[in-house]
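Chemist: Next come a sequence and a model predicted from it.
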Amino acid sequence: MSLIFLHYAKNMKHMKVDSSDIVSVGYDSDVKILEVIFYGGRTYQYANVPINVYEELMRAPSIGSYFNTHIRDAYPHAKL
């Protein structure tokens, strides 16, 4: 499901991650928006992502696998 939205998060700080597909991940806990930047420049925002899902993503042994299994198709998203 795709949702049209764009969130300019004042509180979102991106962290570089060790992944072959994902460059960095940002999260704004005030509005529960997860932002993912992929190699090649594609950027997506995912809405209504609980903080525990973000924390699990950042602790996962494989960021890409966790993202694909638990986030990619599970939350409304928009390409920026």
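Modeler: Cool, got the structure.
Chemist: Next, count neighbours for Glu35.
Modeler: 19 (other CB atoms under 10 Å). Where you see a C-beta, it was placed from the backbone N, CA and C, and this is true even at glycine.
Chemist: okay, Thr69: pLDDT?
Modeler: The per-residue pLDDT reported for Thr69 equals 98.
Chemist: likewise Val31?
Modeler: Confidence at Val31, expressed as pLDDT, is 86.
Chemist: quick one: which helix or strand includes it?
Modeler: Using DSSP states H and E, Val31 falls within no helix or strand.
Chemist: Could you measure from it over to Ala60?
Modeler: Val31 sits 23 Å away from Ala60, going by CB to CB, to the nearest Å.
Chemist: Can you pick out the residue with more neighbours from those two?
Modeler: It is Ala60, of Val31 and Ala60, that has more neighbours when counted by other CB under 10 Å, with 16 against 13.
Chemist: what about the more buried one, distance to Ala47?
Modeler: Computed as CB to CB, the Ala60 to Ala47 distance reads 20 Å.
Chemist: same thing with Tyr75?
Modeler: 6 Å.
Chemist: Then Asp28?
Modeler: Computed as CB to CB, the Asp28 to Ala47 distance reads 11 Å.
Chemist: Likewise for Val36?
Modeler: 12 Å.
Chemist: the more surrounded of the two?
Modeler: With neighbours defined as other CB under 10 Å, Val36 and Ala47 compare such that Val36 has more, 25 against 15.
Chemist: Tell me which helix or strand comes right after the helix or strand hosting the more buried one.
Modeler: In this assignment (DSSP H and E), Val36 forms part of strand 33-38. Later in the chain than strand 33-38, the nearest helix or strand by DSSP H and E is strand 43-46.
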